[in-house]
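Colleague: Below are the sequence and a predicted model for it; my questions follow.
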Amino acid sequence: MALSEIARENHDALFPQPVSGLSATDPELVEYFGNFAFDEVLRSGDLEPRTRLIVQLSALIGSGSLREFRILLGGALTIGLTPVEAKEMVYQSVAYVGMGRAIDFVHATNDVLTERGVELPLAGQSTTTPDDRAEKGLAVQKQIVGADAVDALYAEAPADEQHIQQLLSANCFGDHYTRTGLDLQTRELVTLAILIALGGADPQVKGHVVANLNVGHDRALLLTVITQLLPFVGYPRTLNALRALDEVTL
């Protein structure tokens, strides 16, 4: 078996230099996975390369796949992903996977950028202050999730859990979604990809399918995104994501 011409072209665009020794030790796996991921899956929907790589990289953070993340990040930077976009994607993951997992990806991103001559730290992207992060976070949360849904979250939370809702508004949305570097629509795709790959977050996946629709994405785009994640997250998590998509859109 050999990589198809399309698969080879797509692979070589990302990785002009060899990045793995698997072609020598596991050539069959490299060939059939390459044909699957870089030919069959890519032909399943029309997704701009930058967006495809952002959601795939986000999913690798969600699944804790550090080595593959480093390899794919290098390819993404080669075809035009900016250092700021790379950093913002990793920063946003902190709200969903926690700093315990995200910190390794922060360091990996720093290493890859430094190897490419990028001077760190990058320019700041924050648009909030300690005084207004809660207010701005609540506003963007209502824009994404829906005002009625957010009001219900606060209304239904027991008195001793109100602080969690407040932290969610101020931190998850106020500290992250208000930042520049990635637009709101891309941030929602980042979140969805992380949650799909994380596993065990099916209610949140369904919630962010709704959120993606709220910011202007449609079923066709979300189906394409889920398909592009398949090679990196496997079939069970892909099928769970499809169930959430179908429950919301069919």
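Modeller: Sure, I can see it.

Colleague: can you pull out the helices in the protein?
Modeller: According to DSSP state H, the chain carries its helices in the segments 5-14, 22-25, 27-35, 49-62, 66-78, 83-97, 99-115, 133-145, 147-156, 162-167, 184-198, 202-214, 219-233, 235-249.

Colleague: so how far is L60 from V30?
Modeller: In this view, V30 and L60 are 18 Å apart by Cβ to Cβ, to the nearest Å. C-beta here means a position set from N, CA and C on the backbone, and glycine is covered the same way.

Colleague: more crowded one of these two?
Modeller: Counted by other Cβ atoms under 10 Å, V30 and L60 do not tie: L60 has more neighbours, with 26 against 17.

Colleague: Tell me which residues touch the more buried one, please.
Modeller: 66, 68-69, 72, 197, 232 (Cβ atoms under 8 Å, 6 or more residues apart in numbering).

Colleague: out of the residues you listed, which is most surrounded?
Modeller: A197 (28 neighbours).

Colleague: Looking at this structure, which residue reaches furthest from the middle?
Modeller: A159 (32.9 Å; Cα atoms, centre = their mean).

Colleague: Can you get me a residue count around D131?
Modeller: There are 7 residues near D131, going by other Cβ under 10 Å.

Colleague: Can you list the neighbours in contact with stretch 217-235?
Modeller: Here stretch 217-235 makes contact (Cβ under 8 Å, 6+ apart) with 33, 36-37, 41-42, 44-47, 51-52, 55-56, 59-60, 62-63, 65, 68, 185, 188-189, 192-193, 196-197, 209, 212-213, 237-238, 241-242, 245, 249.

Colleague: in it, what counts as buried?
Modeller: 217, 221-233 (16 or more other Cβ atoms under 10 Å).

Colleague: Tabulate these in CSV, adding columns for distance to T128 and pLDDT.
Modeller: Listed next are the buried residues of stretch 217-235 as CSV, based on distance: Cβ to Cβ, whole Å; pLDDT from 0 to 100:
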residue, distance to T128, pLDDT
H217, 25, 98
L221, 29, 97
L222, 28, 98
L223, 34, 98
T224, 32, 97
V225, 28, 98
I226, 31, 98
T227, 35, 97
Q228, 32, 96
L229, 30, 97
L230, 36, 97
P231, 37, 95
F232, 32, 96
V233, 32, 97
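
Colleague: so which two of those residues are the farthest from each other?
Modeller: By the measure Cβ to Cβ, H217 and P231 form the most distant pair in the buried residues of stretch 217-235, at 21.3 Å.

Colleague: Show the pLDDT at the residue farthest from the centre of the chain.
Modeller: A159 is assigned a predicted lDDT (pLDDT) of 97.

Colleague: Also A13?
Modeller: pLDDT, read off for A13, is 65.

Colleague: mind starting the numbering at 50 from now?
Modeller: In the new count, where the first residue is 50, that last one comes out as A62.
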